[in-house]
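Undergrad: Sequence first, predicted coordinates after that:
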Amino acid sequence: MEASKVNQLKLFIQQCDSNPALLQDPALKFFRDYLEKLGAKLPASAYGKGESAKKTEAKDSFVDESDDDMPELEEQFGPSSTSPKVPEETASDDEVVESEVELDNEGVIEPDNDPPQKMGDPSIEVTDEKRDEAQTAKSKAMEAMADGDLDEAVNHLTEAIECNPTSAIIYATRASVFVKMKKPNAAIRDANAAIKINPDSAKGYKWRGMARAMLGHWEEAAKDLHLASRLDYDEEISAVLKKVEPNVHKIEDHHRKYERLRREKDERKKERERQRRRAEAQAAYEKAKKQEKASTCKPCGATGGCSGGMPGGFPGGMPGGFPGGMPGDVDMSKILNDPELMAAFSDPDVMTALQDVMKNPANLAKYQANPKIAPVIAKMMGKFAGK
């Protein structure tokens, strides 16, 4: 709006203020009605004979309201076609609850809870005589196993371990007997002892893998059996792996599926949060823009409460205090037809910064290093300067 017209409007308001009787003029009735609509209380001298102030209901006038009483944005101005939609949460966004994996658990048994078996003392000195005694006890154990007397075999192998606690093969042999006796935990303890003595004990990994398979520990069993097979392949390991590996594949597929579902859930949550922030910013901008339009001064056609508003509904007007000032002969079409500036005006961050600077030009210093705000302000100032 031209500065001369603004000055004329100010002069007219001052005259009405000093002499309200001017408003009795029928030609100014529209202005008097507008003031009453805004809630203004005019003196009696503003009305002619037979006229009085109109009585308007509270809902038709502008009154102070608390934030709690304010209607939602869409109730005030209607839904916006440009506001981003925030996706609603659905049942699929609930906490991901893993289902049970359907596995082939045939042959899986309850763990044995017997007291730990006797183990050898690794600190004793093993003489040749002790080694011979251990070998003799081991031979007796093998005979007992052949006869099917597994308890006797365990007794002889325990004697052999006490004579030679440094033999990984004796521990592994006793582990094999515990597997046959369906005592997987005891077998795992002996297999661990064998592997501790000899980290390359193929028999130790074999019997520990088989014991773990008996307990349904499929992934650990597969790891042990594959390592045993690489160290010393045998058909028995291959047969057990044929049962173990299908279950391992099901477990791995199950883990991958639910890991993917959890990632997707997290991504949906992040996207909802991003869209919520965008929607809030867009709603705040549109609300300010619509309020600016709603406060247009009908007598003069200016926006922003007759404060020198900028064409195009620029929120907050464009006071002369803007850095560099706003000359009265600015060609506003240069601004309104600049696609970069118009795109910037749709950014809530840019609008907030411009309003801040317009309120207090000294605040320009806050945005000089801002890569988004500084170029917009510089370009606008260039337009004002006629560049």
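TA: Sure, I can see it. Numbers count the residues shown, from 1 in each chain.
Undergrad: Tell me the secondary structure at the residue most central in space within the chain.
TA: Nearest to the mean C-alpha position of the chain, counting by CA atoms, centre = their mean, stands Lys270 at 3.6 Å. Using DSSP: H, G, I helix; E, B strand; the rest coil, the structure places Lys270 in helix.
Undergrad: What's the separation between it and Ile237?
TA: Distance, Lys270 to Ile237, using CB to CB, to the nearest Å: 47 Å. (Glycine included, C-beta is placed from N, CA and C.)
Undergrad: contacting residues for Met142?
TA: If a contact means CB atoms under 8 Å, 6 or more residues apart in numbering, then Met142 has Ala153 as its contacts.
Undergrad: Ok, Ser346 next?
TA: Neighbouring residues of Ser346 by CB under 8 Å, 6+ apart: Tyr285.
Undergrad: mind listing what Ser176 touches?
TA: Applying CB under 8 Å, 6+ apart, one finds that Ser176 lies in contact with Ala187, Lys203, Trp207.
Undergrad: so which strand or helix has the last one?
TA: Here Trp207 sits within helix 202-214, counting by DSSP states H and E.
Undergrad: Check which helices and strands that helix sits against.
TA: Here helix 202-214 touches helix 168-180, helix 184-197, helix 218-231, helix 235-294, going by 3 or more CB pairs under 8 Å, 6 or more residues apart in numbering; DSSP states H and E.
Undergrad: any idea of the mean pLDDT in it?
TA: What helix 202-214 shows for mean pLDDT is 96.
Undergrad: Also stretch 378-385?
TA: Average pLDDT, stretch 378-385: 75.
Undergrad: likewise stretch 24-43?
TA: On average, stretch 24-43 scores 78.
Undergrad: What residues of it count as buried?
TA: By neighbour count with 16 or more other CB atoms under 10 Å, stretch 24-43 contains the buried residues Leu28, Phe31, Arg32, Glu36.
Undergrad: ok so, going back, contacts for the helix holding Trp207 next, please.
TA: Taking CB under 8 Å, 6+ apart as the rule, helix 202-214 contacts 107-109, 168-169, 171-173, 175-176, 178-179, 182, 184-185, 187-188, 190-192, 194-195, 198, 218, 220-225, 227-228, 231-232, 234, 236-237, 240, 243-244.
Undergrad: could you redo the last one with a cut-off of 6 Å?
TA: 109, 172, 175-176, 179, 184, 187-188, 191, 194-195, 220-221, 224-225, 227-228, 231-232, 237, 240, 244 (CB atoms under 6 Å, 6 or more residues apart in numbering).
Undergrad: Pull out the buried members of those.
TA: Listed as buried from the contacts of helix 202-214 are 172, 175-176, 179, 184, 187-188, 191, 194-195, 220-221, 224-225, 227-228, 237, 240, 244; burial here means 16+ other CB under 10 Å.
Undergrad: so how far is stretch 150-165 from its chain's centroid?
TA: Offset of stretch 150-165 from its chain centre (CA atoms, centre = their mean, to the nearest Å): 59 Å.
Undergrad: quick one: contacts of it?
TA: Counting by CB under 6 Å, 6+ apart, 118, 120-122, 126, 130-131, 133-134, 137-138, 140-141, 144-145, 170, 173-174, 177, 180-181 sit against stretch 150-165.
Undergrad: of these, buried ones?
TA: The neighbour count (16+ other CB under 10 Å) marks 120, 130, 133-134, 137-138, 140-141, 144-145, 170, 173-174, 177 as buried among the contacts of stretch 150-165.
Undergrad: biggest separation within these, which pair?
TA: Spatially, the most separated pair among those is Lys130 and Met145, at 22.5 Å (CB to CB).
Undergrad: Put the alpha carbons of stretch 27-38 into CSV.
TA: C-alpha atoms of stretch 27-38 as CSV (Å, rounded to 0.1, in the frame of the first residue of the first chain):
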residue,chain,number,x,y,z
ALA,A,27,-21.4,7.3,3.8
LEU,A,28,-19.2,6.0,6.8
LYS,A,29,-21.9,3.7,8.1
PHE,A,30,-19.9,0.7,6.7
PHE,A,31,-16.8,1.8,8.7
ARG,A,32,-18.9,2.2,11.9
ASP,A,33,-20.4,-1.3,11.4
TYR,A,34,-16.9,-2.7,10.9
LEU,A,35,-15.7,-1.2,14.1
GLU,A,36,-18.7,-2.6,16.0
LYS,A,37,-18.0,-6.0,14.5
LEU,A,38,-14.5,-5.8,16.0
